[in-house]
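Enquirer: sequence unknown, structure follows:
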């Protein structure tokens, strides 16, 4: 292998895991979960035209994850610096108290980080991606790196499954499905699209969104006000979807812009191709 392997490197769990197509379902689950923290979701809805530029926001998040996972160390550090710079300029207002607060408060950054990383791990494992508990713990520990990039103290970030579980238990009393959460929910079920694409939205996107929503923890369903589906049914659907998507040749899937995986393979050599069997135990 030649060239800069980046911050995670091809020997990491992250390198293998993030090449899986179920990451898209996991990303939507993360949005549903992140929206349940009222202070955090206001930072999004009050500082951007979420409905007009939601697709752009989704793609920028995907680009950040791809850059930090598969890009060079320099590219990852620059991406992190850009996110931190943007966050430093933004604030939000609590409509009940009038309090103005910065969106880069550590507790808000930590919630967004944990909801995202937990969603990636949860959906991929539940959809059949082979990960031992030790590998899952290693994945969470690796993402103290991505936490640092967005401005968090890595030592304050859950680094294994037990710590992540304890974090969610601690933060649950702060969660609620306010107006902003329902706005995100409505968008994810009916994202704006060209009139000619409305049938495809109903056929494809809504199914993916429903599946991502279904994979949320029971307390999230309770907060959103809809009954939780049977866990066994959700797991079966996640496994079926994962099996179907993984039948699409990886090189074909990785052709989607901005082609982070293919660029990493070209930079580092064919032996660095992500694959489940390469996950370190």
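Expert: Cool, got the structure. These numbers were taken from a predicted model, which means no experiment stands behind them. Numbering: from 1, shown residues only.

Enquirer: what's the next secondary structure element after whichever helix or strand residue 206 is part of?
Expert: Counting by DSSP states H and E, the element that carries residue 206 is helix 206-214. As assigned by DSSP H and E, the chain's next helix or strand after helix 206-214 is helix 218-224.

Enquirer: thinking again about what came up before, who are the packing partners of the helix holding residue 206?
Expert: helix 23-34, helix 179-189, helix 231-246 (3 or more CB pairs under 8 Å, 6 or more residues apart in numbering; DSSP states H and E). In short, each C-beta sits where N, CA and C put it, glycine included.

Enquirer: Next, the buried residues of that helix.
Expert: Buried residues in helix 206-214, counted by 16 or more other CB atoms under 10 Å: 209, 211-214.

Enquirer: Where does the prediction get shaky in this structure?
Expert: Within the chain, the segments meeting pLDDT under 70 span 1-2, 49-56, 191-203.

Enquirer: Would you mind listing the buried residues in stretch 126-139?
Expert: In stretch 126-139, counting by 16+ other CB under 10 Å, buried: 126-129, 131, 135-139.

Enquirer: Downstream of the lengthiest helix in the chain, the next helix or strand is which one?
Expert: If you go by DSSP state H, the chain has its longest helix at helix 106-126. Per DSSP H and E, the first helix or strand lying C-terminal to helix 106-126 is helix 133-142.

Enquirer: Who are the packing partners of the following helix or strand past that next one?
Expert: Using DSSP H and E, the helix or strand that directly follows helix 133-142 along the chain is helix 144-149. Where contact means 3+ CB pairs under 8 Å, 6+ apart, helix 144-149 is packed against helix 54-70, helix 73-88, helix 106-126.

Enquirer: between the first one and helix 106-126, what angle do the directions make?
Expert: Read it as helix 54-70. Put simply, helix 54-70 runs at 80 degrees to helix 106-126, going by axes from the mean of the first three to the mean of the last three CA atoms, to 10 degrees.

Enquirer: Show me what helix 54-70 is packed against.
Expert: So helix 54-70, by 3+ CB pairs under 8 Å, 6+ apart, packs with helix 13-17, helix 23-34, helix 73-88, helix 144-149, helix 260-268.

Enquirer: possible to save those helices as JSON lines with mean neighbour count and distance to residue 48?
Expert: Converted to JSON lines, the helices and strands packed on helix 54-70 look like this (neighbours: other CB atoms under 10 Å; distance: least, CB to CB, whole Å):
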{"stretch": "helix 13-17", "mean neighbour count": "25", "distance to residue 48": "27"}
{"stretch": "helix 23-34", "mean neighbour count": "22", "distance to residue 48": "13"}
{"stretch": "helix 73-88", "mean neighbour count": "15", "distance to residue 48": "10"}
{"stretch": "helix 144-149", "mean neighbour count": "20", "distance to residue 48": "20"}
{"stretch": "helix 260-268", "mean neighbour count": "19", "distance to residue 48": "24"}
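
Enquirer: No further questions, thank you.
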